[in-house]
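1. kindly generate the corresponding structure for this input.
(one chain, ligands or ions: 1)
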Amino acid sequence: MVPSEGVRIAVVGGGIAGVLLAWRLLAASPVSPVSTNSTPAGVEHARNPVPSSSRTSRGPAAGFGAGAGFGPAAGVGGGPRLTVDVFTGGRRADADATAASGGLVRGFETSPAACLAAAESLAELRGSATLRAWAGYREVGAVYLLPPGADPAGSVRVLDAVLPGSATVLSAARLAARYPFRGLPAGTTGVVERHAGYLSPARLRSAVLTELVAGGCTVHRRPVTSVTPAPAVRLADGSVLGYDIVVVAAGAWTPRLLADSGLACGGLRTKHIQYSVHAVRLSGLGAFVEDSTGFYGRPADDFSFLLGLPSPRWDVDPSAPSAAVPDQVLAEQVVAYAGRRLGVSETPHAAPRTVASFDCYHEPPGLALRDGGAPGSALFTFTGGSGGAAKSVLAASRAAAGVLVGLHAGCDAGLGAGLGVGPRAGRDAGPGAGRAVPVGERSVPRRGTEPVIR
Ligand SMILES: Cc1cc2nc3c(=O)[nH]c(=O)nc-3n(C[C@H](O)[C@H](O)[C@H](O)COP(=O)(O)OP(=O)(O)OC[C@H]3O[C@@H](n4cnc5c(N)ncnc54)[C@H](O)[C@@H]3O)c2cc1C
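-> Residues are numbered from 1 along each chain as shown. This is a model prediction of the structure:
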């Protein structure tokens, strides 16, 4: 059932996940009116009904609309009218995972479902000059090192279908001949992708935020202090704003926000992530990751390389100043490992610059729409990127928007299933709160009414 005033959606969080979800929603709406809620200080909106990127035939939203079965044109044909408010919080724009991200993007993942999401995202990025420019995409190629005995065939088939001709599987000997890898265990294989590289999630976020404001989305540059399953958001001044749908896309802040709201955090956890930018050149090597150790990197520029290892620090509090303090022991471990695996040693004249931040994790990993700690309500989370959402956010946001639009369009299965991308709701469903939202199993509560079971 579509409310007569349209469907009012709040997205809490202005990282790459929140803004791309809002952008997808805006593109799905036939008319994008400004917020029906009050617009106090710190709020931006405009009355342009269609995101500007959607107004060009080659823009990403047009491409997305065509592929996903909705977008401006499809919305006019029957999708519900959406009002989208985004709450970006009051923090500096450089204080989140989106700002810190290394931005490595590739299609290959060991899980075929995750591979599909990453490959679909990369295909959309590569197919859109607008998206490539917004994101500052650099196509430097990628190598994914697999341990002996691992069989990449399933994911490579997915990759071949989405990005034909991009992937090649190489033996340890051929990897060592082509790249500066040293001491690879016998039996190592590498999935080499031509069509991969890195982007700037921060640049993409900034461009999309501009689009959102131009497109009629209301951007509240202040934090939400709690959410309710009504669903509603509560602000610091005590005001409560009701919506038809609330999505918490607050990255590493999501578990605490849910807890502060008296809600279960559904298996969401936080983890520290860091890398250092070293003054080294690794000729011929683009983006890479070693599955067995999590060692990863990419060129930063012609004279430096970003290198990192997974951090052991779980459950960091993203609001604590210590959360973004580099772990010196980890930084030194990276230098030692890079020496062994890549033969690099630190040059004496330039100390590495270390970037430390955090992300929201979920098991199974993946940016996806999940129950927001109140199953059966229209309160959701859209987080859980687990250190990898930059590479899947285009597909994941499209899938999530499809499910949300479907809730009120009465075509859940049609939209959700028709999107054909993952990690989509329903695919990695697990028991209890925090599970991914099964398409077609939602109860959709309306303000002041009993939930309607679709
Ligand atoms: C160091 C590092 C390197 C990475 N490298 C890669 C990589 O190479 N490839 C890859 O694919 N992924 C990578 N990632 C992961 C990827 O960047 C993240 O998964 C992604 O940026 C998460 O985006 P997000 O929007 O979920 O969270 P965030 O970017 O953290 O955004 C959350 C936003 O919510 C806001 N917020 C918080 N609380 C509230 C509130 N109460 N009200 C309103 N707003 C609120 C915050 O201010 C923040 O802006 C990396 C991450 C890090 C930290």
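
2. from here on, just use CA atoms for contacts and neighbour counts.
-> Fine.

3. what packs against the biggest helix by length in the chain?
-> The longest helix of the chain (DSSP state H) is helix 389-409. For helix 389-409, the packing partners by 3 or more CA pairs under 8 Å, 6 or more residues apart in numbering; DSSP states H and E come out as helix 16-28, helix 60-68, strand 104-105, helix 112-127, strand 368-371, helix 412-419.

4. switch to 7 Å and redo it
-> The contact analysis (3 or more CA pairs under 7 Å, 6 or more residues apart in numbering; DSSP states H and E) places helix 389-409 against helix 16-28, strand 104-105, helix 112-127, strand 368-371, helix 412-419.

5. return the most buried member of the ones you listed.
-> By mean neighbour count, with neighbours taken as mean count of other CA atoms under 10 Å, strand 368-371 ranks first of the helices and strands packed on helix 389-409 at a mean of 30.

6. right, is that strand up against the ligand?
-> No: on the criterion CA under 6 Å from any ligand atom, strand 368-371 is out of touch with the ligand, staying 9.9 Å away.

7. coming back round to it: do the longest helix of the chain and the ligand meet at all?
-> Yes: Helix 389-409 is in contact with the ligand by CA under 6 Å from any ligand atom, via Ala389, Ala390, Lys391.

8. could I get these as CSV with neighbour count?
-> Shown next, in CSV, are the residues of helix 389-409 next to the ligand (neighbours: other CA atoms under 10 Å):
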residue, neighbour count
Ala389, 29
Ala390, 27
Lys391, 30
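
9. ok, so of those residues, who is nearest Leu285?
-> Lys391 (18.8 Å; CA to CA).

10. the helices and strands packed on helix 389-409: which one's closest to Ala336?
-> Across the helices and strands packed on helix 389-409, the minimum distance to Ala336, taken as CA to CA, is reached by strand 104-105, at 22.1 Å.

11. that closest one and the ligand in contact?
-> Yes: using CA under 6 Å from any ligand atom, we find that strand 104-105 touches the ligand at Leu104, Val105.

12. same thing with stretch 354-365?
-> Yes: using CA under 6 Å from any ligand atom, we find that stretch 354-365 touches the ligand at Ala356, Ser357, Phe358, Asp359.

13. if we can go back for a sec, make TSV out of the helices and strands packed on helix 389-409 and add mean pLDDT.
-> Below are the helices and strands packed on helix 389-409 laid out as TSV (pLDDT from 0 to 100):
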stretch	mean pLDDT
helix 16-28	97
strand 104-105	98
helix 112-127	98
strand 368-371	97
helix 412-419	34
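
14. closest to Pro352 out of the ones you listed?
-> strand 104-105 (19.1 Å).

15. now do that closest one: which elements does it pack against?
-> Packing partners of strand 104-105 (3+ CA pairs under 7 Å, 6+ apart): strand 197-198, helix 389-409.

16. residues near Gly183, how many?
-> For Gly183, the neighbour count with other CA atoms under 10 Å is 11.

17. may I have the phi/psi pair for the residue lying closest to it once chain neighbours are set aside?
-> Nearest non-adjacent residue to Gly183, counting by CA to CA, 6 or more residues apart in numbering: Arg341, 6.3 Å away. Backbone torsions for Arg341, taken as degrees, to the nearest 10, come to phi -80, psi -30.

18. one step back: what's the closest of the residues of stretch 354-365 next to the ligand to Leu159?
-> Minimum distance to Leu159 across these is 26.2 Å, recorded for Asp359 (CA to CA).

19. list the contacts for the closest one?
-> For Asp359, the contact set (CA atoms under 7 Å, 6 or more residues apart in numbering) comprises Ala97, Gly251, Ala252, Thr270, Lys271, His272, Ser386, Gly387.

20. in strands, which of those appear?
-> Of those, the ones assigned to strands by DSSP state E are Thr270, Lys271, His272.

21. buried ones from those residues, can you make that a ChimeraX selection?
-> What follows is the ChimeraX syntax selecting those of the ones in strands among the contacts of Asp359 that are buried according to 16 or more other CA atoms under 10 Å:
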select :270,271,272
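
22. which SSE is Pro365 in?
-> Take DSSP states H and E as the rule and Pro365 turns out to sit in neither a helix nor a strand.

23. residues in contact with the residue nearest to it when sequence neighbours are not counted?
-> Using CA to CA, 6+ apart and skipping residues adjacent in sequence, the residue nearest Pro365 is Ser386, 5.7 Å away. Ser386 makes contacts with Asp359, Cys360, Tyr361, His362, Pro365, Gly366, as judged by CA under 7 Å, 6+ apart.

24. one more: Asp96?
-> For Asp96, the contacting residues are Ser357, by CA under 7 Å, 6+ apart.

25. and what of the one 4 residues further on?
-> Taking CA under 7 Å, 6+ apart as the definition of contact, the neighbours of Ala100 are Val355, Ser357.

26. any idea how far it lies from the ligand?
-> Distance of Ala100 to the ligand, given as CA to the nearest ligand atom, to the nearest Å: 5 Å.

27. the ligand contacts on the stretch 51-200 of the chain?
-> Within reach of the ligand by CA under 6 Å from any ligand atom, the stretch 51-200 of the chain has these residues: 87-89, 91, 96-98, 100-105.

28. flag the least confident of the residues you listed.
-> Among those, Arg91 carries the lowest pLDDT, at 77.

29. okay, now that residue: neighbour count?
-> Neighbours of Arg91 under the rule other CA under 10 Å: 13.

30. over to Leu330?
-> Counted with other CA under 10 Å, the neighbours of Leu330 add up to 18.

31. give the buried residues for stretch 130-141.
-> Buried, per 16+ other CA under 10 Å, within stretch 130-141: Thr130, Leu131, Arg132, Trp134, Ala135, Gly136, Tyr137, Arg138, Glu139, Val140, Gly141.

32. among those, find me the one that's closest to Leu404.
-> Closest approach between those and Leu404, by CA to CA: Leu131, at 23.2 Å.

33. isn't the closest one up against Leu125?
-> Yes: the pair Leu131 / Leu125 is scored as a contact, 5.7 Å apart, by CA atoms under 7 Å.

34. strands of the stretch 201-350 of the chain, start to end?
-> Assigned strands in the stretch 201-350 of the chain, in chain order: 218-220, 224-228, 232-235, 240-242, 245-248, 269-278, 287-290, 296-301, 304-308 (criterion: DSSP state E, counting those that start in this stretch).

35. elements contacting the first one?
-> Contacting strand 218-220 under the criterion 3+ CA pairs under 7 Å, 6+ apart are the following elements: strand 43-44, strand 82-87.
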